[in-house]
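*Asks:* What would the 3D arrangement of this be:
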Amino acid sequence: MIPTRRSLLTGALGAAAASASVVAAHAGPRKSADNHHAGPHALLPETGDDDTARLQAEIDRAATEGRPVLLPAGTFRIGTLTLHPGTALIGAHGLTTLEFTGGAALITATAATNLRIENILLDGANRALDGEDAALISLTDCTHIRIANVTVRRSLANGITLKRCSGRIKDCTISTLLLAAIRSIDATGLEIAHNDISDCRNNGIQVWRSEPGEDGTLVSANRIARIESKGGGTGQNGNGINVFRAANVIVSGNRITDCAYSAVRGNAASNIQIIANNAQRIGEVALYAEFGFEGAIIANNLVESAATGISVTNFNEGGRLAVVEGNLIRNLHRREHEPVDKRGEGISVEADTLVSGNVIENAPTCGIMVGWGRYMRNVLVTQNFIRDTATGILISSDAAAGACLVSSNMITGLKTGAIRAMTNGQPQGPDLATEPTEPGARVTISANLVS
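*Replies:* Numbers count the residues shown, from 1 in each chain. Here you go, the predicted model:
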């Protein structure tokens with residue numbers, strides 16, 4: 001049938017009426033006298049002290065009816081909300097606020113699958129949270145979660161805590177927290193990507209396990225800034241990204257600045273990959289693989305302004321097996337206020353490690369440090385470019401240390417020698433770049449260009 005002008009006009013009026021009904025059902029705040037016109041599933045913010053019961057009842061109804069909870073623009077004052085399997089809590093982007101009034105969490109769920117939390121601002125209002133590991137969003141044993149376009153701010157604990165969870169946290173803005181922005185424990189398949197994290201007083205992103213084991217979390221393309229270390233310690237806090245006991249984690253493409261300790265810190269994190277990150281103004285070691293790990297790839301990163309660029313250490317605790325390749329490290333500093341641990345090294349490694357193709361400039365202690373006391377074994381240092389450092393390469397002089405091959409490096413602009421033996425970080429003896437080494441020697445040096 002060919003449509004007539006009358007049928008087109010009737011259809012348009014019907015569509016307009018339907019649109020008006022949807023808008024009325026999900027409209028923003030209005031005077032309470034008009035609320036009874038809002039429709040059967042309307043949920044409008046009220047002027048009272050607490051909207052928790054109304055919103056929880058709507059979440060419960062939506063779960064039984066299999067529909068999302070669509071929140072309008074406005075501010076809801078909320079204690080603790082409990083989500084159910086399949087709950088989708090979706091706000092008006094940039095316009096819906098849940099303001100915390102107190103409790104263990106603002107949003108929580110246990111053993112729920114297919115959760116969605118999107119387009120909502122969660123304001124902790126600097127109110128205390130109950131519990132030792134509290135967070136504004138606290139999920140346990142949840143699978144296929146999606147937290148997207150959520151703003152989390154002003155929490156006196158963590159922002160988001162996940163225990164034994166899988167899913168994605170992406171495109172969120174998280175700031176002004178007392179502990180960590182995102183804390184994952186024993187993940188079962190998690191991706192943390194494209195988030196903007198700032199002004200956290202202990203850590204940015206934590207990927208932890210209660211025992212060493214497979215984790216596989218992907219941490220990529222996040223922007224992390226201004227991470228303090230108010231909780232104290234010697235590296236547990238103050239990190240942009242902190243990986244602890246979690247194996248096969250990939251940390252890539254993140255921009256990390258102004259951290260009290262490390263940009264990326266892997267502790268007992270086997271098979272960690274730290275790739276193509278950009279780190280500036282880092283208080284201690286920018287990129288770290290430490291303690292009981294086996295396997296690390298640290299490649300194609302840029303580090304500017306840190307006490308040490310890259311450290312692969314703790315062979316005494318079983319830390320071994322790494323590739324450090326293609327990194328640009330420059331403008332390092334020494335922490336002269338520290339009684340012992342002053343650093344100022346471009347790259348520091350100990351065991352079963354290839355160091356190749358790196359560019360290191362302006363390191364006040366050395367470009368590359370190999371070993372510490374007897375903790376050195378099977379290190380190959382080749383085709384690196386080192387310039388404007390105190391010493392180019394320092395190598396442990398301990399007779400109990402293992403083998404080291406230094407070959408085909410370009411070293412220029414030195415103050416205290418190109419390649420030297422060292423004890424506890426202090427250079428000693430002649431410049432080995434000009435001393436021939438015997439065949440089969442523990443330390444073999446050849447074909448380096450020094451100027």
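
*Asks:* Could you use CA atoms for every contact and neighbour count after this?
*Replies:* OK.

*Asks:* then stretch 423-443 to CSV, C-alphas only?
*Replies:* C-alpha atoms of stretch 423-443 as CSV (Å, rounded to 0.1, in the frame of the first residue of the first chain):
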residue,chain,number,x,y,z
THR,A,423,81.9,-3.8,44.7
ASN,A,424,78.6,-2.7,46.3
GLY,A,425,78.1,-0.2,43.5
GLN,A,426,81.5,1.4,43.9
PRO,A,427,83.8,1.2,40.8
GLN,A,428,87.3,-0.2,41.3
GLY,A,429,90.3,-1.1,39.2
PRO,A,430,91.2,-0.2,35.6
ASP,A,431,88.8,0.5,32.8
LEU,A,432,88.1,-2.9,31.4
ALA,A,433,87.1,-1.6,28.0
THR,A,434,90.8,-1.2,27.3
GLU,A,435,92.0,-4.4,29.1
PRO,A,436,92.1,-7.6,27.0
THR,A,437,90.2,-10.5,28.5
GLU,A,438,91.5,-14.1,28.4
PRO,A,439,89.5,-16.7,26.5
GLY,A,440,87.1,-18.5,28.8
ALA,A,441,87.2,-15.7,31.5
ARG,A,442,84.2,-15.3,33.8
VAL,A,443,83.8,-11.8,32.4
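
*Asks:* got the contact list for Tyr261?
*Replies:* Contacts for Tyr261 (Cα atoms under 8 Å, 6 or more residues apart in numbering) come out as Ser229, Gly235, Asn237, Gly238, Asn239, Ile282, Gly283, Glu284, Val285, Ala286.

*Asks:* As TSV, those with pLDDT and neighbour count would be great.
*Replies:* Shown next, in TSV, are these (pLDDT from 0 to 100; neighbours: other Cα atoms under 10 Å):
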residue	pLDDT	neighbour count
Ser229	96	20
Gly235	90	17
Asn237	97	27
Gly238	98	33
Asn239	98	38
Ile282	98	29
Gly283	96	23
Glu284	96	29
Val285	98	28
Ala286	98	33
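
*Asks:* got any ranges where the stretch 1-150 of the chain has weak pLDDT?
*Replies:* 1-44, 46-48 (pLDDT under 70).

*Asks:* quick one, strands of it?
*Replies:* In the stretch 1-150 of the chain, the segments counted as strands under DSSP state E, counting those that start in this stretch are 69-70, 74-78, 81-82, 88-90, 96-100, 107-110, 116-118, 121-123, 135-140, 145-148.

*Asks:* can I get the ones you listed in a markdown table with mean neighbour count?
*Replies:* A markdown table is the format used below for the strands of the stretch 1-150 of the chain (neighbours: other Cα atoms under 10 Å):
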| stretch | mean neighbour count |
| --- | --- |
| strand 69-70 | 21 |
| strand 74-78 | 23 |
| strand 81-82 | 18 |
| strand 88-90 | 21 |
| strand 96-100 | 23 |
| strand 107-110 | 20 |
| strand 116-118 | 21 |
| strand 121-123 | 24 |
| strand 135-140 | 24 |
| strand 145-148 | 21 |
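
*Asks:* number of nearby residues for Pro72?
*Replies:* Look at Pro72: counted by other Cα atoms under 10 Å, it has 24 neighbours.

*Asks:* That one and Thr96, how far apart?
*Replies:* According to Cα to Cα, to the nearest Å, Pro72 and Thr96 sit 6 Å apart.

*Asks:* just Asn316 next, same as before
*Replies:* If you measure Asn316 against Thr96 using Cα to Cα, the figure is 52 Å.

*Asks:* Next: Ala128.
*Replies:* For Ala128 relative to Thr96 (Cα to Cα), the value is 22 Å.

*Asks:* now swap in Tyr261 and tell me
*Replies:* 36 Å.

*Asks:* can you check Thr217 too?
*Replies:* Taken as Cα to Cα, the span from Thr217 to Thr96 is 30 Å.

*Asks:* Going along the chain, name the helices of the stretch 201-350 of the chain.
*Replies:* For the stretch 201-350 of the chain, helices defined by DSSP state H, counting those that start in this stretch do not occur.

*Asks:* just the strands in it please.
*Replies:* Under DSSP E, counting those that start in this stretch, the stretch 201-350 of the chain gives strands at 203-214, 218-220, 223-227, 239-247, 250-252, 255-259, 264-267, 272-275, 278-290, 294-299, 302-312, 320-325, 328-330, 345-349.

*Asks:* and the fifth one, what does it pack onto?
*Replies:* Of the remaining helices and strands, those touching strand 250-252 by 3 or more Cα pairs under 8 Å, 6 or more residues apart in numbering; DSSP states H and E are strand 218-220, strand 272-275.

*Asks:* Could you pull out the helices in the stretch 1-150 of the chain for me?
*Replies:* Counting by DSSP H, counting those that start in this stretch, the helices of the stretch 1-150 of the chain are 5-25, 52-65.

*Asks:* Tell me the buried residues in the shortest one?
*Replies:* In this case it means helix 52-65. Thr52, Leu55, Gln56, Glu58, Ile59, Ala62, Ala63 (16 or more other Cα atoms under 10 Å).

*Asks:* In TSV, list these along with distance to Glu336.
*Replies:* Shown next, in TSV, are the buried residues of helix 52-65 (distance: Cα to Cα, whole Å):
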residue	distance to Glu336
Thr52	53
Leu55	55
Gln56	55
Glu58	59
Ile59	56
Ala62	60
Ala63	59
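
*Asks:* returning to what we had before: kindly state which of the strands of the stretch 1-150 of the chain is positioned closest to Asp431.
*Replies:* In terms of Cα to Cα, the element of the strands of the stretch 1-150 of the chain nearest to Asp431 is strand 135-140, at 55.3 Å.

*Asks:* now that closest one, how far from the centre of its chain.
*Replies:* 17 Å (Cα atoms, centre = their mean, to the nearest Å).

*Asks:* Just checking: what are the partner strands of that strand?
*Replies:* The strands that strand 135-140 pairs with in its sheet are strand 107-110 (parallel), strand 158-163 (parallel) (by DSSP bridges).

*Asks:* now the ones you listed in a markdown table, with distance to Pro212?
*Replies:* Converted to a markdown table, those look like this (distance: least, Cα to Cα, whole Å):
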| stretch | distance to Pro212 |
| --- | --- |
| strand 107-110 | 24 |
| strand 158-163 | 15 |
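
*Asks:* Relative to Pro212, how far out is Ser262?
*Replies:* Counting by Cα to Cα, the gap from Ser262 to Pro212 is 21 Å.

*Asks:* Many thanks, we can stop here.
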